[in-house]
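> 3D, please:
(chains A, B, C and D)
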There are 4 protein chains.
Amino acid sequence: MKRLSLALALLLALLVCPAIAADVRYEIHFPDLPGYQTLACDLHTHSVFSDGSVWPPVRADEAWRQGLDAISVTDHIEYQPHKDDVPTNHNRPYDLTAGAARARNLLCPKGAEITRDTPPGHFNAVFLRDVDPLDTKDFLEVIKQANEQEAFVFWNHQGWKGAEKGRWLDVHTTLYENGWLHGMEVCNGDEYYPDAHRWCLEKNLTMLGNSDIHSPDLREKSTPSGHRTMTLVFAKERTLAALKEALMERRTAVWFQDQIIGRKDLLQPLFGECVQVAKPHLRTKNAVYLEIRNVSDLDIHLVRTGRFGPREGTLPARSVTLLKIDADTPDQPLELAYTATNFLIGPDEGLPVVLNVAAP
Amino acid sequence: MKRLSLALALLLALLVCPAIAADVRYEIHFPDLPGYQTLACDLHTHSVFSDGSVWPPVRADEAWRQGLDAISVTDHIEYQPHKDDVPTNHNRPYDLTAGAARARNLLCPKGAEITRDTPPGHFNAVFLRDVDPLDTKDFLEVIKQANEQEAFVFWNHQGWKGAEKGRWLDVHTTLYENGWLHGMEVCNGDEYYPDAHRWCLEKNLTMLGNSDIHSPDLREKSTPSGHRTMTLVFAKERTLAALKEALMERRTAVWFQDQIIGRKDLLQPLFGECVQVAKPHLRTKNAVYLEIRNVSDLDIHLVRTGRFGPREGTLPARSVTLLKIDADTPDQPLELAYTATNFLIGPDEGLPVVLNVAAP
Amino acid sequence: MKRLSLALALLLALLVCPAIAADVRYEIHFPDLPGYQTLACDLHTHSVFSDGSVWPPVRADEAWRQGLDAISVTDHIEYQPHKDDVPTNHNRPYDLTAGAARARNLLCPKGAEITRDTPPGHFNAVFLRDVDPLDTKDFLEVIKQANEQEAFVFWNHQGWKGAEKGRWLDVHTTLYENGWLHGMEVCNGDEYYPDAHRWCLEKNLTMLGNSDIHSPDLREKSTPSGHRTMTLVFAKERTLAALKEALMERRTAVWFQDQIIGRKDLLQPLFGECVQVAKPHLRTKNAVYLEIRNVSDLDIHLVRTGRFGPREGTLPARSVTLLKIDADTPDQPLELAYTATNFLIGPDEGLPVVLNVAAP
Amino acid sequence: MKRLSLALALLLALLVCPAIAADVRYEIHFPDLPGYQTLACDLHTHSVFSDGSVWPPVRADEAWRQGLDAISVTDHIEYQPHKDDVPTNHNRPYDLTAGAARARNLLCPKGAEITRDTPPGHFNAVFLRDVDPLDTKDFLEVIKQANEQEAFVFWNHQGWKGAEKGRWLDVHTTLYENGWLHGMEVCNGDEYYPDAHRWCLEKNLTMLGNSDIHSPDLREKSTPSGHRTMTLVFAKERTLAALKEALMERRTAVWFQDQIIGRKDLLQPLFGECVQVAKPHLRTKNAVYLEIRNVSDLDIHLVRTGRFGPREGTLPARSVTLLKIDADTPDQPLELAYTATNFLIGPDEGLPVVLNVAAP
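This next block holds a predicted model:
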């Protein structure tokens, strides 16, 4: 009997072999918009080919497992601290990652980071055909070359060395006026840049959020409280071409910590798809009871701006919240006006929303 | 500066007030079947009115928060250890719970536990109109009375005191032949009863799984590794009448630990709704790559019975698994034959399934 | 083979029976002070005997499992919404809890909540001999009666209805001047009261933090991010008498969210016991490397006030943090001056601390 | 007001910057033995310099954060699939890791994996001075060379290709009789080898358990249910020399899944240090109540072999379990005889233990 239980314990230990983590994917839950598919993208990561600490296809493993749709390994062209052990080969990170990405059904645009002093700063080019021609001294020349390859070019972590070093210079104006600069990182890793946020709105640039990971990413899945900074791209379909079109057309939002940052005309329908208001299931003399479902991976924070509903509250991610609404006329439809304080349509500006409650 | 950060720390502490747990519901993910809605039900719980340790409406709070659709408080009629402090009042637990259930959009049939020595054992009657008439000495009389009220009657935790005390007696035959016994608990809390399982199949009784909780249930949500034992009922709609019809018609399955237990004709479509096989996204000379999505809250264990696919494996709950299938003719459709070992269609018998892989 | 694996799966399910939650205790990690034992106490909870929703001994189960040392069930004397079902019996909650507490090696002073309009508010008396004499109309008479029983009396949730309703009145002065008021709740549940905090310091009253739980407490253990509000009492030994002596002598601190609130002369040694600075293990030309261990259940937040060390940071609970300190003279002992911003010695005032780094 | 809360939300997001994961260490909890320090070691890991996917110092980061004391990067000498990008340099993984290990106060013996067909299999040599001389064709020559460098040599994952390929051959006898083979991996990653276990006992070889990780290790800390397979070494002090002495003297145990595997004379005192039986706190007419503390990171499974105590049960890791022991003479000391079924002193053989309960 004792022997049996020992044998069983061992068998048990051997049987309960969980699926290999690398082969399980937990999807990200941000709904599609009408006409568009929502793609979760990280367009700024590193490998041992520059100053990262992982072999390039690890980035595909991580991205797939965490539910992303697109990943780019964007090693520094001009900075390779491991050069003594890993000789320069700018296209190699992509070549090594592309197969892993294909096996995992991930989009994987070829990319690189153009690395200059700050200012003018670092710039990513993605959807490149060949990185080698970008290994060139003259900064404007490099950016021009990337554009000649029809790459999507964005300014990385604008404020990481402070507002002064992240200021908008003549050289940025040159890029901008030539149409060579398409977007900016509003968020990079744990940092948010209000200036970049403002400039994206003023100058009509694409807003991006990326991880810029150098170490292995330990997260098994993307959760409300633990996910990499990423860009949600609203694309016509899940292809490289559609991804690029959407980026060029600025149809993006940034998932940063517990916030979604983006343009009002995109965040509005996104909120609408995230939050489902059920028909009230109970009506009393002076109140209605109803359930609100938040289908997204974001805890949504609301502050009342109208007459009905609780003063403020949170709709936790992927859950249903019970609401009791005091109303003199509980048999009428109600409009609950709120600000979604963590749907940021500008620095310091939440998205105004209305929750429509049907008549019971 | 220091002061500011202290003030902020406090503000922070005060601001980050999570939604009150009791008001957030995490839904259970078992898909509906064609023509039926899948309702998660617990038809056996206790309160301070018998030997439980919570006020009755706590059962509604717990059930709602954990994503259940129906709850019944079924206090012992004949056993009230707190009687000195809480005088007998058989209908009171229901009366106290019904309002909370209504506010939470939960179905709440009135129930009670008929409590005799084992054997013959304990029996639950749910969908009662009045519990008082069941407070009667003669056992057959009580069961008859419950049936006169058109209640749904089932035998609780058949094997909890061992096979000998849980054996099928003449009195059970009497109940059965009169049509007074409609179902049996195949599982109760942490216990599984193979005899009950077999009898349900042989005698065409409804299979039930219930928590029989007496203490507070600490679980915030129902997860693959932490959920109460419950009955999935496949009902025509989410109403009390439809719930009762489905129970009477034996359209149930039991969610017990990491298993689903039920009739083959129900588990088959349930498996079909749980597992989505995507079209292969990559084909090589001798393999296809595809993603399989398990949308349910169950880690599904598979053992190969056919020619193609990995020998065994697990599709973790609510995730996507990457599959590479070796095949000489990867451009043909494939049939992957497996046993779903934790979809139990009999004691010791898993559900045979086929995963159909389209041509790429 | 298939049969075997099914049988095993079931065996497995049945074998892996975790210890019953109620019988496992996870201890709280706040170290003892020199000469004193640190006791974790919750002196304000409710049961079905007033407006709580659990049977009284549930409070002992919860407290034991979460690592507390003392618990008091303090039902309202004057407010019993369940009176129709649970007739008045003021001493009963204690009687029902005492045995469970004794079996679990918990201290369990008899208590009750004296419940008046706000103002003057609610007051708890613990270490009572008999609750019945406190069921008296005149407020001063009740408090006097509690004191005649040598109870420890404190003002509950002073600011819960706002500053105006929580103001200090003549009646409080009367209590205070008679020596009938011994402490105040600085924190209650999720609320913090800066006025109560200030008055405790000014008037030399004992600071308390309690849960005031009415519902079941779902927490399995006390963790940095999930624990009930409680009072740490620095007692000469783990006995009822020593607990009362320590409360009367104001040797307490409050564990509230991610903060410890208390008097400077107690928080200083508490910080000293929580944080262990190791001898540097590596010295370079201009830096030393060392490990700092935080043995407590608190994530400790530090902001530099001196010359050496990082500008700010967190020592996560029950972990070791690696520190690299830039110093021109890394072979000298160093004093790292900081403010522990979440060791609150006054509203808005963190504890000044010095971490002493030995010469390598 | 709305603006304020938005600004605060952002501030909040920026303020709540957790300590960088790589800089926080969660210690492993296995107590020291009398006279020895318990060191947690992983002597088998890989990097991009052979077939691993991380830069070598990542292995030091991971080990430190997970509470290990010693780590060795043991890349294959003869197998380098990344050779085109990372040219051969056998000593480089050590050189790159050593500094990171020193900064983190980790022991880091230089190692390598001697990689031949199976049989005879793979062998690790740790505490090497120079890897280059081991890059030699003749197998015996390599092992001899390692021994001339006074390395500690062990046979890796003996049974990974099945019992037949893992059998003991003449060549192993040669190694053994020359004193060139010091130990065997009883466990490697998720695998356990009963043959290796038996041979270690019969031939007096050191038992090892290692991770053999190739990918990044995602675990933030070592927990009972999530930790790498590792070797506990009972060393006279925490130095490289003492670590080697203890390995040569076979003072090890293997922490594998939920088991500790080792020699009886070591597991006995280890169990003794892990489990603390408190003096009973309550005695009734026919029972005593006491608390048992398990200070280790192992859930300890016990099955009764004697007269007193529960039939079986688990002492969960780092917790206190409440025990009620029925005894006719509860005022006498009691001996509770058990088998600790997951302290394996042989294949299928648990450790016999006695828990001594003092007289109350």
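
> would you confirm that A:His122 contacts A:Ala112?
No - with contact defined as CB atoms under 8 Å, A:His122 does not reach A:Ala112; the gap is 10.7 Å. Where C-beta positions appear, they are placed from N, C-alpha and C, glycine not excepted.

> list the residues that contact A:Pro109.
By CB atoms under 8 Å, 6 or more residues apart in numbering or on different chains, the residues touching A:Pro109 are A:Leu43, A:Ala70, A:Ser72, A:Val126, A:Phe127, A:Leu128, A:Phe152, A:Leu240, A:Leu243, A:Lys244.

> rewinding a little: between A:His122 and A:Ala112, who's got more neighbours?
A:Ala112 (31 against 24; other CB atoms under 10 Å in any protein chain shown).

> and stretch A:270-288, anywhere near chain B?
Yes - using CB under 8 Å from any CB of the partner chain, stretch A:270-288 comes into contact with chain B via A:His281, A:Leu282.

> would you mark the buried spots in that stretch?
For stretch A:270-288, a neighbour-count test (16 or more other CB atoms under 10 Å in any protein chain shown) marks A:Leu270, A:Phe271, A:Cys274, A:Val275, A:Val277, A:Pro280, A:His281, A:Leu282, A:Ala287, A:Val288 as buried.

> if we can go back for a sec, okay, and the common contacts of A:His122 and A:Ala112?
Shared contacts of A:His122 and A:Ala112, defined by CB under 8 Å, 6+ apart, comprise A:His76.

> list just the nearest of the buried residues of stretch A:270-288 to chain B.
Comparing those against chain B with CB to the nearest CB places A:His281 closest, at 4.2 Å.

> sorry, back to before: any chance of the buried residues of stretch A:270-288 in a markdown table, with distance to D:Ile213, pLDDT and secondary structure too?
Output for the buried residues of stretch A:270-288, formatted as a markdown table (distance: CB to CB, whole Å; pLDDT from 0 to 100; DSSP: H, G, I helix; E, B strand; the rest coil):
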| residue | distance to D:Ile213 | pLDDT | secondary structure |
| --- | --- | --- | --- |
| A:Leu270 | 40 | 98 | helix |
| A:Phe271 | 43 | 98 | helix |
| A:Cys274 | 39 | 98 | helix |
| A:Val275 | 43 | 98 | strand |
| A:Val277 | 48 | 97 | strand |
| A:Pro280 | 54 | 95 | coil |
| A:His281 | 52 | 95 | coil |
| A:Leu282 | 55 | 95 | strand |
| A:Ala287 | 58 | 92 | strand |
| A:Val288 | 56 | 93 | strand |
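
> what secondary structure does A:Tyr289 sit in?
Here A:Tyr289 takes the strand state, with states given by DSSP: H, G, I helix; E, B strand; the rest coil.

> and it, how far from A:Ala327?
11 Å (CB to CB, to the nearest Å).

> same question, A:Pro316
For A:Pro316, the distance to A:Ala327 equals 24 Å [CB to CB].

> what are the ranges of the helices in chain A?
For chain A, the helices defined by DSSP state H cover A:2-15, A:58-65, A:92-103, A:139-148, A:170-177, A:194-203, A:240-248, A:264-274.

> of all the ones you listed, which one comes closest to D:Lys236?
Among those, helix A:2-15 comes nearest to D:Lys236, with 32.0 Å by CB to CB.

> quick one, grab the pLDDT at A:Leu10.
Note for A:Leu10: predicted pLDDT of 39.

> residues of the stretch 201-350 of chain A that sit close to chain D?
So the stretch 201-350 of chain A meets chain D at A:215-216, A:218-220, A:256-259, A:301, A:303, A:305, A:339, A:341-342, A:344, A:347-350 (CB under 8 Å from any CB).

> return a selection command, for use in PyMOL, containing the buried ones of those residues.
Restricted to buried positions by 16+ other CB under 10 Å, the PyMOL selection for those reads:
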select buried, chain A and resi 215+216+218+219+256+257+258+259+301+303+339+341+342+344+347+348+349+350
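
> restricted to strands, list the residues of the stretch 201-350 of chain A next to chain D.
Among these, the residues falling in strands (DSSP state E) are A:Phe256, A:Gln259, A:His301, A:Val303, A:Thr339, A:Thr341, A:Asn342, A:Leu344, A:Glu349, A:Gly350.

> surely the first one is in contact with A:His227?
In other words, A:Phe256. No - A:Phe256 is not in contact with A:His227 according to CB under 8 Å; the separation is 9.4 Å.

> quick one: the ones in strands among the residues of the stretch 201-350 of chain A next to chain D as JSON lines, columns for distance to D:Asn188 and pLDDT too.
JSON lines is the format used below for those (distance: CB to CB, whole Å; pLDDT from 0 to 100):
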{"residue": "A:Phe256", "distance to D:Asn188": "41", "pLDDT": "98"}
{"residue": "A:Gln259", "distance to D:Asn188": "44", "pLDDT": "98"}
{"residue": "A:His301", "distance to D:Asn188": "48", "pLDDT": "97"}
{"residue": "A:Val303", "distance to D:Asn188": "55", "pLDDT": "97"}
{"residue": "A:Thr339", "distance to D:Asn188": "56", "pLDDT": "98"}
{"residue": "A:Thr341", "distance to D:Asn188": "51", "pLDDT": "98"}
{"residue": "A:Asn342", "distance to D:Asn188": "46", "pLDDT": "98"}
{"residue": "A:Leu344", "distance to D:Asn188": "49", "pLDDT": "98"}
{"residue": "A:Glu349", "distance to D:Asn188": "56", "pLDDT": "98"}
{"residue": "A:Gly350", "distance to D:Asn188": "53", "pLDDT": "98"}
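
> now the two most distant members of the residues you listed.
Within these, A:Phe256 and A:Val303 form the most distant pair, 19.6 Å apart (CB to CB).

> is the residue nearest the centre of chain A in a bridge, and if so with what?
Geometric centre of chain A, nearest residue: A:Met230, 2.1 Å, by CA atoms, centre = their mean. A:Met230 has these beta-bridge partners by DSSP bridges: A:Trp255.

> so it sits against A:Asp42, correct?
Yes - between A:Met230 and A:Asp42 there is a contact under CB under 8 Å: 5.1 Å.
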